[in-house]
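Participant: dropping the sequence and predicted coords here.
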Amino acid sequence: MLLEKIDHLGIAVNSIAEGYKVFPLAFGIEPHKTEEVAEQRVKVAFFRVGNSNLEFMEPTSEDSPIAKFLAKRGEGIHHVCFKVSNIYEALAKLKSEGMRLIDETPRIGAENKLVAFVHPKDANGVLIELSQPQE
Ligand code: ZN
């Protein structure tokens, strides 16, 4: 089984700075991790919800893909991330099915995981992230 679970939902926000009301805080859930992903020019905060996570993303620069998303669509769900057992195999499988890949080869994402994105035009309008933890 290549798809193991929904790892997280990515949510674009204008700010995750202290005091900002992201809704997990209202439930008393603190982020278990925050980090800056320089390559994507975002700050992220992860909130654990059961076996999955919410990933709030705030742009750190105007040319961040998240800044562009916010300008066009406003705050909201940006992507769905699936944990896969083998990201190379998963990408090869999707490509053989004719799906357009944003990343032909995985790159390093948040939490040092291997990640790759699939084009939303081939996935019912949903931007999909595949993620595989590294040893
Ligand atoms: Zn993500």
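Facilitator: Sure, I can see it. Residues are numbered from 1 along each chain as shown.
Participant: what parts of this structure come near the ion?
Facilitator: Residues of the chain found near the ion (Cβ under 5 Å from the ion) are 10, 55, 81, 129. Every residue, glycine included, has its C-beta placed from N, CA and C.
Participant: excluding residues flanking it in the chain, which one is nearest S64?
Facilitator: Nearest non-adjacent residue to S64, counting by Cβ to Cβ, 6 or more residues apart in numbering: R41, 3.6 Å away.
Participant: got a list of what the one you found touches?
Facilitator: With contacts defined as Cβ atoms under 8 Å, 6 or more residues apart in numbering, the neighbours of R41 are 59-61, 63-67.
Participant: identify the residues contacting the least confident helix or strand in the chain by mean pLDDT?
Facilitator: When each helix and strand of the chain is scored by mean pLDDT, DSSP states H and E, helix 23-26 comes last, with a mean of 84. With contacts defined as Cβ under 8 Å, 6+ apart, helix 23-26 is touched by 31, 47, 49, 54.
Participant: all strands of this protein, in order?
Facilitator: Secondary structure of the chain by DSSP state E: the strands cover 3-12, 33-37, 42-49, 52-59, 76-84, 107-108, 114-118, 128-132.
Participant: mind checking how far the longest one is from the chain centre?
Facilitator: It stands for strand 3-12. 7 Å (Cα atoms, centre = their mean, to the nearest Å).
Participant: so for it, what's the average pLDDT?
Facilitator: Averaged over strand 3-12, pLDDT sits at 95.
Participant: same thing with the second one?
Facilitator: Rounded to a whole number, the mean pLDDT of strand 33-37 is 90.
Participant: for it, which positions count as buried?
Facilitator: V37 (16 or more other Cβ atoms under 10 Å).
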